[in-house]
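Undergrad: Build the 3D model from these lines:
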Amino acid sequence: MTASRLIEITSANHGADLDLVYATPHNFTGKPIYKAAHCLLLEPAEACLRKAVAIARQTGMTLRIFDAYRPPQAQQVLWDFLPDPTYVADLVRGSNHSRGTALDLTLVDASGRALDMGTAFDAMTIESEHFHPGLPEAVQRNRLLLLGVMHAAGFTHIKSEWWHYELPGSLALPLIDNSESGPLRLM
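TA: A predicted model of the protein is given here:
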């Protein structure tokens with residue numbers, strides 16, 4: 001995978017529902033991190049997202065995106081709030097969100113209702129693990145459906161968050177600091 005440019009993701013151009021929570025107080029910090037809601041991905045991730053959207057549609061579902069590219073400064077805000085590498089990457093390692101190759105999302109049905117994934121997005125608890133035992137069968141099915149869609153499109157997952165997907169090999173890419181010149185501005 002080679003580095004390239006960030007592509008803006010829109011509902012109109014990509015067929016995904018956008019609910020960019022870090023531009024709102026509806027995230028685990030309780031405050032907006034971004035001044036404006038913009039969704040960006042690196043070109044290879046954007047191409048895989050298009051595949052994921054098409055696969056999800058085959059099941060009658062739509063992807064709802066909560067976050068994608070995240071400037072390193074925003075990553076620092078999240079790390080300062082919750083310095084736990086199980087859920088938030090520190091700046092030494094860097095987040096794949098800050099490489100433009102990761103996104104947080106869920107599935108919504110034809111009525112626009114999010115599927116029950118057992119926990120809320122951004123629930124930084126052990127129950128958020130992809131294969132946490134003891135969750136109801138319907139929740140397990142919903143998580144597996146999302147996992148299948150995203151893996152079939154070329155993404156991989158991390159153990160701790162059912163909503164987080166990224167391109168394999170992302171750590172080999174540099175961090176992208178688009179906070180000053182790009183449309184994503186921090187609070």
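Undergrad: List the buried residues for the helix or strand bottoming out on mean pLDDT in the chain?
TA: Among the helices and strands of the chain, helix 72-81 carries the lowest confidence by mean pLDDT, DSSP states H and E, at a mean of 89. The neighbour-count check on helix 72-81 (16 or more other CB atoms under 10 Å) flags 72, 73, 74, 75, 76, 77, 78, 79 as buried. No exception for glycine: its C-beta is placed from N, CA and C like everyone else's.
Undergrad: Relative to residue 87, which of these is nearest.
TA: Distance to residue 87 across these (CB to CB) is lowest for residue 78, with 8.8 Å.
Undergrad: Can you name the helix or strand that the residue minimising distance to the centre of the chain falls in?
TA: Of all residues in the chain, the one closest to the mean position by CA atoms, centre = their mean is residue 104, 1.5 Å from it. Counting by DSSP states H and E, the element that carries residue 104 is strand 102-108.
Undergrad: quick one: average pLDDT of that strand?
TA: Strand 102-108 shows a mean pLDDT of 98 in the predicted model.
Undergrad: what's the following helix or strand after it?
TA: Reading on from strand 102-108 to the C-terminus, the next helix or strand found by DSSP H and E is helix 137-152.
Undergrad: Poorly predicted segments of the protein, please.
TA: Applying pLDDT under 70 to the chain flags residues 1-4, 179-187.
Undergrad: what's the distance between the residue of the chain most remote from its centre and residue 128?
TA: Here the chain reaches farthest from its C-alpha mean at residue 134, the gap being 24.6 Å by CA atoms, centre = their mean. Counting by CB to CB, to the nearest Å, the separation of residue 134 from residue 128 is 13 Å.
Undergrad: likewise residue 19?
TA: 18 Å.
Undergrad: Same check on residue 116?
TA: As defined by CB to CB, residue 116 lies at a distance of 13 Å from residue 128.
Undergrad: Neighbour count for the two, which is higher?
TA: residue 128 (23 against 14; other CB atoms under 10 Å).
Undergrad: Check whether the nearest residue to residue 150 once chain neighbours are set aside sits in a helix, strand or coil.
TA: Counting by CB to CB, 6 or more residues apart in numbering, residue 150 lies nearest to residue 165, which is 4.5 Å off, once chain neighbours are set aside. Secondary structure of residue 165, reduced to three states by DSSP: H, G, I helix; E, B strand; the rest coil: strand.
Undergrad: How about residue 66?
TA: When the structure is split into helix, strand and coil by three-state DSSP, residue 66 lands in strand.
Undergrad: Now do the contacts for it.
TA: For residue 66, the contact set (CB atoms under 8 Å, 6 or more residues apart in numbering) comprises 19, 20, 21, 22, 103, 104, 105, 106, 121, 122, 163.
Undergrad: Before I go, just wanted to say thanks for your time.
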